[in-house]
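Visitor: Predicted coordinates and the sequence they were generated for:
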There are 2 protein chains.
Amino acid sequence: MAKSPGEPRPSTPPAPVSRRTRPAKAALSADALVSAALAILDADGLDAVTMRRVAQALDTGAASLYVYVANRDELLALVYDRVLGEIPLPAVAAVGEPFPRWRTELSTLVRTAITVLGSHRGIATVALGDVPTGPNALALAEAILGLLAGAGIDDLTRSLALDLINLHITAAAAEESAYAAKGAEGHTEESAVAAMDEAFGRLSAADYPHLVSMRETLTAGSGDERDAWGIEVLLNGILGTPARG
Amino acid sequence: MAKSPGEPRPSTPPAPVSRRTRPAKAALSADALVSAALAILDADGLDAVTMRRVAQALDTGAASLYVYVANRDELLALVYDRVLGEIPLPAVAAVGEPFPRWRTELSTLVRTAITVLGSHRGIATVALGDVPTGPNALALAEAILGLLAGAGIDDLTRSLALDLINLHITAAAAEESAYAAKGAEGHTEESAVAAMDEAFGRLSAADYPHLVSMRETLTAGSGDERDAWGIEVLLNGILGTPARG
DNA sequence: GTTCGTAACGAACGGCGTTCGTAGCGAACG
DNA sequence: CGTTCGCTACGAACGCCGTTCGTTACGAAC
C-alpha cells in the first residue's frame, strides 16, 4: 500500500485486472518461449521473432522472457534445436558393425534435414553463427557418424565428413528458406527467371562466353533434383577422398 | 524567405556552418558508400554496418544515402560484390578447349574465395539470402564454369556443380567469419575446446557411442586442412557424379 | 509473522531502418 | 535575365528493436 504509485497505465485501460494480479496463467517456461517463437517463425519468418512479439504471444512483457533466456540469440538457438528434433533419425548400428543400408539412409537423412530446416523460414541461418550443441544437434551428429561408420570409413575422414555434411545441410536449408521468402506468394518461377533475364540481358558473349552459352541450362532442374545431386556428389566425394590419403 | 522556419537546430549549435552551406565535400556516390561500409565492416563487423554509421563516416546524414541505394540490403549486396572483386580470377580457356590445369586452378580459386569472403567479417551471410547478380559474382561464376569446362564436364553437370560450389564457398566463408567473430581476441583454440568439453561432458557413451569415441578426432585438424579436404571431396564427387547418370 | 529469493513487469534507454517535407543549387528553358 | 525544374542533401520524426533497471507480488523457509 505504501508508495501508492496509483494507476500508471497510460495506454491500455480496457484491461482491468493487471496481469500481475491474475493468478494461474499456465506459468512461463523456456519450452513455452520456444513454442511461441516457433509459431511466429513459421507464420512470419525469422525477423518477426522479436522478444516483444514472443512476449505478446505469451501475454506478458518482453522483460519477463529474460528469466528463461539470456538473450534473443539464445532463444533462437533453442528454437533451432527444437526444429532439429523434427528430423526423424534412423536407428544407429552398433560401433564396429557394418551397415549396408548406410547410403540410402544417409541420403534421405540429409535430404529430410534440409527440407525440415528449410521449411522453418530462415532458422537455418542461426546455425551459421553458432556451432550448435543442443541435444538434437548432437543426436543428428551421432546418427550421421553412425551411418558413415557403417560404410567403413575411418575416424578422421568421418570427422571431416561430418563437418562437411553439416555445412551443406545448413547452407542448402538457408538457401531454400531464402528462395521461399523471396517468392512469398509470388511465382518463384517467374521472379527467378525475370531476375536471370535481367542480369543476363546485359551480358556480352565476349566477356562471359560460358554463362551466355549455358543460359538455359543454368535454370534447368527443380530444387529437389539439385538437392539430390548435391548429396550424391558429397557421398561419392567422401568415399573417394580418404583424409591424409 | 517565406515560411521563415528560423533556426530549427535545437541540438548541436557548436557547428557553425551547416553542412549544406559547405561547398566542395567530395560528392557522394554509390562507390563512396560501399567503400565506407566496407571499412566499417572490416573494423567492427556486419552488424556495425548501419546506415547511420556509414553516413557518419561520410560526414552526412543517413537519409542522404537513400539517393544512391534503395535500402541497407542493397548496400550490403554492393559491398558483397566489391569484396568478390578482391578474388583473383584465373584466365579462362576458350569454350571447347580442354584445360589440363583446371583442377589446381579451381581448387585454389575456391580456397581463396573462401578466405577472402571469410576475412570480411560476416559479409558471406549476405549471399545466403540474395542470389548475387553483381558483375563480380558473374565473373566468378564465369571463371568456375570455364574451369569445369576445361575438365570436359557436360553442361548440365556444370550447372549443378556451379551451384554446389557457390553454396560451399558461401557457407564455408560464413562459418569462418563466425569463428573469427566468436574468438574476437580470445583464443579460438581454448574457447572451442571448452565448448566441446562442456557439451561432451554430459554425453553418455551409451546414447552417443560414436561421438564419445571420436571426441579427440573431432577436434583434429586445422581449418585450412578441413577446407582443403572439403574442396577435394567436392571436385572428386563432381567428377564421379554426372547428372542424369 | 517475518524474511527473502525470485518470477513478473512497466518504463525507459539507446539504437535501428526508413520516410517525409523541405532547403539549396545548378541546369534548362523561356 | 528570370523562372522553373529536378535532384542531392538533410534534419526530424515514426515505429520498431534488444536489453536493463527498479519495483512489485508472492511462495517457501525460517
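Guide: All right, it came through fine.
Visitor: Residue A:33: what's it in contact with?
Guide: A:54, A:58, A:65, A:68, A:69, A:75, A:78 (C-beta atoms under 8 Å, 6 or more residues apart in numbering or on different chains). No exception for glycine: its C-beta is placed from N, CA and C like everyone else's.
Visitor: most surrounded residue in these?
Guide: Neighbour counts for these, by other C-beta atoms under 10 Å in any protein chain shown, peak at residue A:54, which reaches 27 neighbours.
Visitor: So if we follow the domain assignment, how does chain A break up?
Guide: Under the assignment named as automatic domain parsing, the residue ranges that make up the domains of chain A are A:30-69, A:89-187+A:201-239.
Visitor: so which of these is the most packed in?
Guide: Of all those, domain A:89-187+A:201-239 carries the top mean neighbour count, a mean of 19, counting by mean count of other C-beta atoms under 10 Å in any protein chain shown.
Visitor: residue boundaries of the helices in chain A?
Guide: A:30-44, A:51-57, A:62-65, A:72-84, A:102-119, A:135-150, A:155-183, A:188-201, A:209-213, A:215-218, A:223-239 (DSSP state H).
Visitor: helices and strands around the fourth one, which ones?
Guide: Other helices and strands packing on helix A:72-84, by 3 or more C-beta pairs under 8 Å, 6 or more residues apart in numbering or on different chains; DSSP states H and E, are helix A:30-44, helix A:51-57, helix A:102-119, helix A:135-150.
Visitor: Quick one, which of those gets closest to DNA strand D.
Guide: DNA strand D lies closest to helix A:51-57 among these, at 3.7 Å (C-beta to the nearest atom of the strand).
Visitor: Report all helices and strands that the closest one contacts.
Guide: Against helix A:51-57 (3+ C-beta pairs under 8 Å, 6+ apart) you get helix A:30-44, helix A:62-65, helix A:72-84.
Visitor: In TSV, list the ones you listed along with distance to DNA strand C and mean pLDDT.
Guide: Compiled in TSV, these are given as follows (distance: least, C-beta to the nearest atom of the strand, whole Å; pLDDT from 0 to 100):
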stretch	distance to DNA strand C	mean pLDDT
helix A:30-44	9	97
helix A:62-65	3	95
helix A:72-84	12	97
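Visitor: do you know which of the ones you listed lies nearest residue A:116?
Guide: Counting by C-beta to C-beta, residue A:116 lies closest to helix A:72-84 out of the helices and strands packed on helix A:51-57; the figure is 6.5 Å.
Visitor: Just the buried residues of that closest one, please?
Guide: A:75, A:76, A:77, A:78, A:79, A:80, A:81, A:82, A:83, A:84 (16 or more other C-beta atoms under 10 Å in any protein chain shown).
Visitor: excluding its backbone neighbours, what's nearest the third one?
Guide: When you say that, I think you mean residue A:77. Distances taken as C-beta to C-beta, 6 or more residues apart in numbering or on different chains place residue A:130 nearest to residue A:77, at 5.7 Å, with adjacent residues excluded.
Visitor: Report the contact partners of that neighbour.
Guide: Here residue A:130 is in contact with A:73, A:77, B:178 (C-beta under 8 Å, 6+ apart).
Visitor: before we move on, back to that, is it possible to export the buried residues of helix A:72-84 to JSON lines including distance to residue A:101?
Guide: Compiled in JSON lines, the buried residues of helix A:72-84 are given as follows (distance: C-beta to C-beta, whole Å):
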{"residue": "A:75", "distance to residue A:101": "38"}
{"residue": "A:76", "distance to residue A:101": "35"}
{"residue": "A:77", "distance to residue A:101": "32"}
{"residue": "A:78", "distance to residue A:101": "33"}
{"residue": "A:79", "distance to residue A:101": "32"}
{"residue": "A:80", "distance to residue A:101": "29"}
{"residue": "A:81", "distance to residue A:101": "27"}
{"residue": "A:82", "distance to residue A:101": "28"}
{"residue": "A:83", "distance to residue A:101": "26"}
{"residue": "A:84", "distance to residue A:101": "22"}
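Visitor: Residue A:73 versus residue A:41, what's the distance?
Guide: From residue A:41 across to residue A:73, the span is 14 Å (C-beta to C-beta, to the nearest Å).
Visitor: cool, residue A:182 as well?
Guide: Taken as C-beta to C-beta, the span from residue A:182 to residue A:73 is 25 Å.
Visitor: before we move on, what about residue A:50?
Guide: 13 Å.
Visitor: next one: residue A:107
Guide: 32 Å.
Visitor: now residue A:133
Guide: Taking C-beta to C-beta, one finds residue A:133 at 13 Å from residue A:73.
Visitor: and what of residue A:95?
Guide: From residue A:95 to residue A:73 the distance is 35 Å (C-beta to C-beta).
Visitor: could you pick out which of the contacts of residue A:130 are near DNA strand D?
Guide: residue A:73 (C-beta under 7 Å from any atom of the strand).
Visitor: any idea which of the contacts of residue A:130 is the one closest to DNA strand D?
Guide: Among those, and counting by C-beta to the nearest atom of the strand, the member closest to DNA strand D is residue A:73, at 6.2 Å.
Visitor: What distance do you get for the closest one to residue A:97?
Guide: Counting by C-beta to C-beta, the separation of residue A:73 from residue A:97 is 39 Å.
Visitor: likewise residue A:169?
Guide: Counting by C-beta to C-beta, the gap from residue A:169 to residue A:97 is 25 Å.
Visitor: Check residue A:161 too.
Guide: With C-beta to C-beta as the criterion, residue A:161 and residue A:97 are 18 Å apart.
Visitor: now swap in residue A:78 and tell me
Guide: 34 Å.
Visitor: Same question for residue A:106.
Guide: Distance from residue A:106 to residue A:97, by C-beta to C-beta: 15 Å.
Visitor: list the contacts for the closest residue to residue A:174 other than its chain neighbours?
Guide: Nearest residue to residue A:174 in three dimensions, chain neighbours excluded: residue A:124, at 4.1 Å (C-beta to C-beta, 6+ apart). Counting by C-beta under 8 Å, 6+ apart, residue A:124 makes contact with A:117, A:118, A:170, A:171, A:173, A:174, A:176, A:177.
Visitor: can you rerun that using 6 Å?
Guide: A:117, A:170, A:173, A:174, A:177 (C-beta atoms under 6 Å, 6 or more residues apart in numbering or on different chains).
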